[in-house]
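Asks: starting from these lines, generate the structure:
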Amino acid sequence: MQYPIWKIEEIRHQIEVVNRTQSPNILITNATYLHSHLKKWITGNIWIVKDRIVYTGLEMPLVSEKTEVYDATGQKIVPGYIEPHSHPFQLYHPQTFADYAAQGGTTTFIADNLTLFLALENKKAFSIMDELSELPFTFYWWARFDSQTELINEEEVFTSRTVGEWIERPDVIMGGELTGWPRLLSGDDQMLYWMQQAKSNGMKIEGHFPGASEQTLARMRLLGADGDHEAMTIEEVERRILHGYAVTLRHSSIRPDLPNLLKGILEKDLRIFDHLMMTTDGATPSFHVDGVIDKCIQVALDAGVDPIDAYLMASFNAAKYYNLSNLHGVIATGRFATLNFLENEQNPVPIAVLSKGVWLKKAQEKVHALALIDWSHMPAFDLEFDLTDDDFQFSMPFGIHMVNDVITKPYSVSVDTTDNELSSEHDESFLLLIDRHGKWKVSTMIKGFATTLKGFASSYSSTGDILLIGKNKKSMLKAFQEMKAMRGGIVIVDNDDVVCTIKLPIGGTLSDKPMEQLIEEELLFKKELAERGFTHGDAIYTLLFLQATHLPYVRITQRGIFDVMKKQVLFPAVMR
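Replies: Predicted coordinates:
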């Protein structure tokens, strides 16, 4: 939904600047900039009043002592990069991630609302979003229609009122992602109603269709899906394009598909770059050590994509798709003054970043940090219960086998689960999911997670409930106690020694550390976990995926052990 950005008096002042009776705040001279409509580099001057470009062309404005003149001779200027599919709650939170991403030129997020939606009532979530909107960065949001897991009270959380209030917000521009799309195909008219409501508000609907057949893509397109980011092969890219989808190519910590997809597109000479976007799809902190969307652009350039196409995939294409090109993705009159200044077009990491008229980076140095925001609305992770020996009883006939990063299958438990410690000669461990309020638990075994991990606890999970894993019940208890004392976090324990922690003081799920520090903490955590036999790609995603019922085949959820394919609870949660 479009809405007025500038007040009448602001617009009148902008026109006075164009009339040369007032001077701009910033004047960019000798600018060589990418024009997204012409798809070519042009030269001229750029006049900026506060957060808006008021003129681009060869003319010069009235220059006063209040005008900052920036000479862009020898540089290339491109629109600020847009992350069109952001999950800004992967240990980091939106402000810390934005502050970090902006230094690489990513200055707009289209962001998942799930963490805010599940943790807070709408009024409090909207308060956080309103505070974020005051930063010299741009946040747009999704409206989720399903939880990605099996909640005990999903029908009380996802209601026409709660979802409808998100849809009505003008900064919510996308519905989805549709991880619960099988419900649509099974006749879920409630979800279809929300989609139609979103469409009425001009929103796009994002799918989540890994491995989808042509028939599924066709049916979901008829139901209202506009785009999808789950193509893993060039054939899947083509299939989505053929059915009229906008396609977002993924380069994330769990699915770094972008290089192969671009290679296939170029080899097949598919002239589809105008219909493509790029995303890091909620990659975990250490994946971003070398950037966000600037990293994707570099992958595209290395693959041989024409630089203009690479930069437009990272900016204009997303703005155009989301009906935002009147504000973003174009260096032209009337748009936000959000620009990246490059040494040359082969290096997408900017030497200077201007976001909504505020310099965030100049001469390769950070010159402005995004202000901290108030997270006090998030419910504190204060556990009012302790664990007992009864909580460490494991009598399931089968457990969960981690086949790889995303596939978990049932398996028959063959070890004696009454022992206090399991052998390190095999890869089976104890697994507990415990309600953060202490009301219920789900006990089972997990195979393929690690071989020598004694105790592990995490308050970071899909639902904010507590995951315990390990070979030794006393070490698991020690990890839980340490996590409780930290008021949320991730803990690795060897026997009675705490060897690694990541503190998550914001609601038990989010760190308050800057990204640079969080990256170091996550790298240490991954190292310690790998030394104890964890061999999968992304441990942080594993913690989310254990509960994710949009993935096959069995998951541990609030309702119990859940068979995804049969859509039924195999063993229910037990009240404590």
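Asks: how about the nearest residue to A225, chain neighbours excluded?
Replies: Computed as C-beta to C-beta, 6 or more residues apart in numbering, the closest residue to A225 that is not its neighbour in sequence is G207, at 4.2 Å. Any C-beta I mention is one placed from the backbone N, CA and C, and that applies to glycine too.
Asks: what about that neighbour, neighbour count?
Replies: For G207, the neighbour count with other C-beta atoms under 10 Å is 26.
Asks: likewise for D496?
Replies: D496: 11 neighbours (other C-beta under 10 Å).
Asks: is it in contact with K474, as I believe?
Replies: Yes - using C-beta atoms under 8 Å, D496 makes contact with K474 at a distance of 7.5 Å.
Asks: separation between the residue nearest the centre of the chain and Q148?
Replies: Taking C-alpha atoms, centre = their mean as the criterion, H87 is the residue nearest the geometric centre of the chain, at 1.5 Å. Distance, H87 to Q148, using C-beta to C-beta, to the nearest Å: 11 Å.
Asks: overlap of the contact sets of these two?
Replies: The contact sets of H87 and Q148 overlap at L114 (C-beta atoms under 8 Å, 6 or more residues apart in numbering).
Asks: next, the residue nearest to the centre of the chain: phi, psi?
Replies: For H87, the backbone dihedrals (degrees, to the nearest 10) come out as phi -110, psi 80.
Asks: let's verify the residue lying closest to it once chain neighbours are set aside: helix, strand, or coil?
Replies: Distances taken as C-beta to C-beta, 6+ apart put G282 closest to H87, at 2.8 Å, once the chain neighbours are dropped. On the three-state scheme (DSSP: H, G, I helix; E, B strand; the rest coil), G282 is labelled coil.
Asks: G282 reaches S252, doesn't it?
Replies: Yes - between G282 and S252 there is a contact under C-beta under 8 Å: 6.7 Å.
Asks: can I assume V403 is in contact with P410?
Replies: No - with contacts counted by C-beta under 8 Å, V403 stays clear of P410, the gap being 10.9 Å.
Asks: neighbour-wise, which of those two wins?
Replies: Per other C-beta under 10 Å, whichever of V403 and P410 has more neighbours is P410, with 18 against 15.
Asks: quick check: buried residues in the helix or strand where that one lies?
Replies: Per DSSP states H and E: P410 is located in strand 408-412. Buried positions in strand 408-412, judged by neighbour count with 16 or more other C-beta atoms under 10 Å: T408, P410, Y411.
Asks: what distance do you get for the last one to M402?
Replies: Right, Y411. Y411 is 10 Å from M402, by C-beta to C-beta.
Asks: common neighbours of those two, please.
Replies: K447.
Asks: circling back to that earlier point, bridging residues for the residue nearest to A225?
Replies: L178 (DSSP bridges).
Asks: for it, which residues are in contact?
Replies: With C-beta under 8 Å, 6+ apart, G207 has these contacts: G176, E177, L178, W181, M220, A225, D226, G227, D228, H229, E230, Y245.
Asks: now swap in H536 and tell me
Replies: M402, N404, D405, G448, T542.
Asks: just the ones in helices from those residues, please.
Replies: Judged by DSSP state H, those include T542 as members of helices.
Asks: just the contacts of H536: which are in strands?
Replies: M402 (DSSP state E).
Asks: now list the buried members of the contacts of H536.
Replies: Of these, these count as buried by 16+ other C-beta under 10 Å: M402, D405, G448, T542.
Asks: so how far is D427 from the third one?
Replies: If you measure G448 against D427 using C-beta to C-beta, the figure is 5 Å.
Asks: now do the last one
Replies: Relative to D427, T542 is positioned 14 Å away (C-beta to C-beta).
Asks: need the overlap of contacts for these two.
Replies: Joint contacts of T542 and D427 (C-beta under 8 Å, 6+ apart) are F449.
Asks: how about low-confidence regions in the stretch 201-350 of the chain?
Replies: Nowhere does the stretch 201-350 of the chain drop to pLDDT under 70.
Asks: distance of L342 from V289?
Replies: L342 is 20 Å from V289, by C-beta to C-beta.
Asks: ok, these two, which is more surrounded?
Replies: Neighbour comparison, L342 and V289: the larger count goes to L342, with 23 against 13 (by other C-beta under 10 Å).
Asks: closest one of the buried ones among the contacts of H536 to Y55?
Replies: Nearest to Y55 among the buried ones among the contacts of H536, counting by C-beta to C-beta, is D405 at 50.1 Å.
Asks: ranges for the strands of the stretch 401-550 of the chain?
Replies: Ranges of strands in the stretch 401-550 of the chain, per DSSP state E, counting those that start in this stretch, are 408-412, 428-434, 440-447, 455-458, 466-470, 489-494, 497-503.
Asks: packing partners of the shortest one?
Replies: Using 3 or more C-beta pairs under 8 Å, 6 or more residues apart in numbering; DSSP states H and E as the contact criterion, the secondary-structure elements in contact with strand 455-458 are strand 466-470, helix 473-486, strand 489-494.
Asks: stretch 303-311: how far from the chain's middle?
Replies: 24 Å (C-alpha atoms, centre = their mean, to the nearest Å).
Asks: swap in stretch 55-66?
Replies: Centre-to-centre, stretch 55-66 and its host chain are 39 Å apart (C-alpha atoms, centre = their mean).
Asks: for that stretch, which positions count as buried?
Replies: Y55, T56, P61.
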